[in-house]
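Novice: What would the 3D arrangement of this be:
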Amino acid sequence: MPRAGLAAAHFAAAKLGAAGMRPMGAAPGMAASVAPTSAADTPTRPVGDVAAGTVLALAGSGNNGGDAMVAATWLRRWGYRVQVVLFGDPDRLPSDARQALDGWRDASGPLLSDLPADPPAMVLDGLFGIGLNRPLDAAWQSRIDAVNAWGIPVLALDVPSGLDAAAGRPLGRPIWATWTLSFIASAPGLRQGVGPQVSGECHLDELGLNVADPASPSHAPTHAPATAPAPTPPDAASGDDAQAP
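Specialist: Numbers count the residues shown, from 1 in each chain. Modelled structure (predicted):
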């Protein structure tokens, strides 16, 4: 998990820098530092004093949420404004995700219990990852609809939330990702069903393991984009009264 979260932070920082969003300096009590080199292509660290927008990390109650919190912690270390929304009981998180939450708290990162009223500059989607296999209930669907309504860049970790990772079925109305960053191997659902519609530009980070991607016709280099159309709402969707995951 720490390596996946670090890779996600590098990727997000590169996209923020390309959009002209700059860090404001190190978080209070933390030294500004460039992260250790990961399997990801390390971006040039943005410099300058241009006001940065807020990055909002959406963390579910599993290890996908842990990855989002690790990424949020690194981005905060690099001086970005970051908030984390944790959907779940902190005392019931799996051990890796709990460690990620502890790291976020150690960084004095702001922890929210629900979506903020104002849209951020970018969202890190760590709600469900590859583990979702049941339709979204009304509460989850409302949150995802709100994120989609913001119309801002979204980096999905593993798969966009609301997408069946195995078959690309919509388990409701999925998040419309601008980019999807997979770790070690890509989920087949990114290239099946509505996957290409909601996944945006797909990237793979092997985390240094050099494992061939079974969802790709050939071995893809680290962070190589797969061809995918821009995210658009899928035609098919489950009802809002579906059972909770």
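Novice: Give me the below-cutoff pLDDT ranges for the chain.
Specialist: Within the chain, the segments meeting pLDDT under 70 span 1, 22-52, 210-245.
Novice: same thing but 50
Specialist: The chain contains residues with pLDDT under 50 at 26-52, 212-245.
Novice: what's the closest non-adjacent residue to D125?
Specialist: Excluding its sequence neighbours, the residue lying closest to D125 (CB to CB, 6 or more residues apart in numbering) is A156, at 4.2 Å. Where C-beta positions appear, they are placed from N, C-alpha and C, glycine not excepted.
Novice: mind listing the helices for the chain?
Specialist: If DSSP state H is used as the criterion, the helices of the chain fall at 2-18, 63-77, 95-106, 138-150, 195-198.
Novice: Can you tell me which of those helices is most buried?
Specialist: Of all these, helix 63-77 has the most neighbours on average by mean count of other CB atoms under 10 Å, namely a mean of 28.
Novice: helices and strands around that helix, which ones?
Specialist: helix 2-18, strand 54-59, strand 81-86, helix 95-106, strand 122-126, strand 154-157 (3 or more CB pairs under 8 Å, 6 or more residues apart in numbering; DSSP states H and E).
Novice: now that helix against strand 54-59, angle please.
Specialist: Interaxial angle of helix 63-77 relative to strand 54-59 (axes from the mean of the first three to the mean of the last three CA atoms, to 10 degrees): 160 degrees.
Novice: Report the angle between helix 63-77 and helix 2-18.
Specialist: 50 degrees.
Novice: Kindly present the helices of the chain as CSV, with separate columns for distance to A187.
Specialist: Putting the helices of the chain into CSV (distance: least, CB to CB, whole Å) gives the following:
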stretch, distance to A187
helix 2-18, 14
helix 63-77, 12
helix 95-106, 19
helix 138-150, 18
helix 195-198, 8
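Novice: Relative to D205, which of these is closest?
Specialist: The closest of the helices of the chain to D205 is helix 2-18. By CB to CB, the value is 4.5 Å.
Novice: Please save the CA atoms from the closest one in PDB.
Specialist: Only the C-alpha atoms of helix 2-18 are listed here, as PDB (Å, rounded to 0.1, in the frame of the first residue of the first chain):
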ATOM      1  CA  PRO A   2       2.700   2.600   0.800                       C
ATOM      2  CA  ARG A   3       4.200   2.200  -2.600                       C
ATOM      3  CA  ALA A   4       0.900   2.500  -4.400                       C
ATOM      4  CA  GLY A   5      -0.100   5.600  -2.400                       C
ATOM      5  CA  LEU A   6       3.300   7.200  -3.200                       C
ATOM      6  CA  ALA A   7       2.900   6.400  -6.900                       C
ATOM      7  CA  ALA A   8      -0.600   8.000  -6.900                       C
ATOM      8  CA  ALA A   9       0.900  11.100  -5.200                       C
ATOM      9  CA  HIS A  10       3.600  11.400  -7.900                       C
ATOM     10  CA  PHE A  11       0.900  11.000 -10.600                       C
ATOM     11  CA  ALA A  12      -1.400  13.600  -9.000                       C
ATOM     12  CA  ALA A  13       1.500  16.100  -8.500                       C
ATOM     13  CA  ALA A  14       2.500  15.800 -12.100                       C
ATOM     14  CA  LYS A  15      -1.100  16.600 -13.200                       C
ATOM     15  CA  LEU A  16      -1.400  19.400 -10.800                       C
ATOM     16  CA  GLY A  17       1.800  20.900 -12.000                       C
ATOM     17  CA  ALA A  18       0.700  20.600 -15.600                       C
END
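Novice: which strands and helices sit next to it?
Specialist: Against helix 2-18 (3+ CB pairs under 8 Å, 6+ apart) you get helix 63-77, strand 122-126, strand 154-157, strand 179-183, strand 201-205.
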